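A.B. asks: Build me a structure from this.
(one chain, ligands or ions: 1)
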Amino acid sequence: MSTETVKKSAYFIDLEDKYGAHNYHPLPVVLTKGEGVFLWDAEGKKYYDFLSAYSAVNQGHCHPRIIKALVDQASELTLTSRAFYNNKLGVYEEYLTSYFGFDKALIANSGVEAVESAIKLCRKWAYEKKGLTDQSAKIVFVEGNFHGRTLGVISASTDPLSTSGFGPYLPGIIIVPYNDQAAMAEALEDPNVAGVLVEPIQGEAGVVVPDADYLPFIRKQCTDKNILMIADEVQTGIARTGKLLATCGNCSCDGFCENQPEVKPDILILGKAISGGVLPVSAILANDDVMLCIRPGEHGSTFGGNPLACVVSMAALDVIRDERLDANAEQLGRIFRDRMRRMIESNPIVTLVRGKGLLNAIVLDDSEEGKLAWNICVRLSENGLLAKPTHGNIIRFSPPLVMTEDQIHECCDIIEKVIGEFRKQ
Ligand code: PLP
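C.D. replies: Numbering: from 1, shown residues only. Below is the predicted model:
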């Protein structure tokens, strides 16, 4: 690398360091361009993207259909606020509700905003429909959850990095161990429980997949006890785990959910890839008896449901369906896990490979080095593949779902080679 090019990336890193809040610790790569499964840095080096902006870019970077929708709509109308109707929101709501099989949709912007909206809706339902006394509603969360960064949501976090120094927290929260049916059942005995909020697979916690009967168990308990099951599919949804949703088994989505178990939540939370990484869009979906508990003036957002977001999201969801990215994620995910699992026998630093579809993680034995996952990710980037550690010794691998079989094999070659360099002696 010449001195001139080194300066280029270093310049942008310095700018962020000097003028931005220090709330992230990025890998030292400055990205300037993306197309499909590839990213390029400021020096023109090409990388395979194995993070997909935390699963927001399932459709690949700058997908031409989504970008065309963005550009066409941007020159017509971008924002009206909800003070008026616009000619895209209703069309989008009809599209979303039929795509996912619910009566109503509420559109927001970020994932955490949708989670907050779901919590508010659940509480409102509890007072209006379940008959709880005002201020008494509780929501059950699970250990290791990640639902975003607002105060309400971190109040349920068990990660000290997310919570320390930010109290006091929101009341009305019960936290039980993940994937523990007995603990969940016990918590749901509390008559003031209004809802259970759960990620079908815990993404940020390190791609933790629960037992196959865990979600059906929660579903049944919630139905039996008149409690709302709320699924946070911000990361797992939109074909990431090899089907349209990691939970849904009951929607009219053109066969995406064939043969899946029937675990339909009462409130479904979506974000990230719902807009293909082009704009911040999120949504919650529910049926009328729940959604209509919120009335005009009780909840809203200036940008939520803007025409640009609506059009972009419809294009992003069209791409998922038309290119059958669910099936591709399922097939490539199997190849990826098979190849990665072979390393467990040959290299003791790889202790576990887990995941579903193209949401996967490798758990490393980091007892000696302490920074093993980080160092491996730095070496991966030098070898043309971008991934990020999560929770110290875990590397998450979540490429765009438009990857081909040849490409996934090439990426497995890179990962095997790099992890091989860190082999325990
Ligand atoms: N919920 C889950 C499961 C997530 O993984 C995330 C982000 O990683 C969020 C919510 C928050 O989404 P956002 O960062 O768009 O607010």
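A.B. asks: Look up which residues are beta-bridged to residue 359.
C.D. replies: residue 356 (DSSP bridges).
A.B. asks: tell me the contacts of it?
C.D. replies: Contacts for residue 359 were tallied using CB atoms under 8 Å, 6 or more residues apart in numbering; they are 55, 201, 203, 207, 235-236, 240-241, 333, 396, 398. Every C-beta, even on glycine, is put in place using the N, C-alpha and C of the backbone.
A.B. asks: if you set the cut-off to 6 Å instead, what comes out?
C.D. replies: 207, 240-241, 398 (CB atoms under 6 Å, 6 or more residues apart in numbering).
A.B. asks: Show the buried residues in those.
C.D. replies: 207, 240-241, 398 (16 or more other CB atoms under 10 Å).
A.B. asks: residue boundaries of the helices in the protein?
C.D. replies: 3-19, 52-55, 64-74, 89-100, 111-125, 151-154, 160-163, 181-187, 214-225, 288-291, 307-322, 325-346, 372-382, 405-421 (DSSP state H).
A.B. asks: Out of those helices, which one sits most buried?
C.D. replies: Each of the helices of the chain was scored by mean neighbour count; the highest is helix 111-125, a mean of 24, by mean count of other CB atoms under 10 Å.
A.B. asks: do that helix and the ligand meet at all?
C.D. replies: Yes: using CB under 6 Å from any ligand atom, helix 111-125 reaches the ligand at 111-112, 115.
A.B. asks: Residue numbers of the stretch 101-250 of the chain in contact with the ligand?
C.D. replies: Residues of the stretch 101-250 of the chain found near the ligand (CB under 6 Å from any ligand atom) are 110-112, 115, 146-148, 199, 203-204, 232, 234-235.
A.B. asks: Contact distance from the ligand - what residues of the stretch 251-400 of the chain qualify?
C.D. replies: So the stretch 251-400 of the chain meets the ligand at residue 271 (CB under 6 Å from any ligand atom).
A.B. asks: give me the residue from the stretch 251-400 of the chain nearest the ligand.
C.D. replies: residue 271 (4.9 Å; CB to the nearest ligand atom).
A.B. asks: Let me know how buried that residue is, in neighbour terms.
C.D. replies: When counting by other CB atoms under 10 Å, one arrives at 28 neighbours for residue 271.
A.B. asks: same thing with residue 80?
C.D. replies: 15.
A.B. asks: and what of the one 5 residues further on?
C.D. replies: The tally of other residues near residue 85 (other CB under 10 Å) stands at 9.
A.B. asks: Residue 48 now?
C.D. replies: Neighbour count of residue 48, defined by other CB under 10 Å: 22.
A.B. asks: Would you enumerate the residues in contact with the closest residue to it other than its chain neighbours?
C.D. replies: Nearest non-adjacent residue to residue 48, counting by CB to CB, 6 or more residues apart in numbering: residue 385, 4.6 Å away. By CB under 6 Å, 6+ apart, the contact set of residue 385 is 48, 50, 411, 414.
A.B. asks: nearest spatial neighbour of the residue of the chain found nearest the ligand, skipping sequence neighbours?
C.D. replies: Nearest residue of the chain to the ligand (CB to the nearest ligand atom) works out as residue 111 at 2.2 Å. Of all residues not flanking residue 111 in the chain, residue 271 sits nearest, at 3.4 Å (CB to CB, 6+ apart).
A.B. asks: picking that back up, where does the residue of the stretch 251-400 of the chain closest to the ligand land on pLDDT?
C.D. replies: Predicted confidence (pLDDT) for residue 271: 98.
A.B. asks: How about the one 10 residues further on?
C.D. replies: pLDDT for residue 281: 98.
A.B. asks: which residues touch the residue nearest to it when sequence neighbours are not counted?
C.D. replies: Using CB to CB, 6+ apart and skipping the chain neighbours, the partner closest in space to residue 281 is residue 275 (3.9 Å). Contact analysis of residue 275 by CB under 6 Å, 6+ apart lists 281, 312-313, 316.
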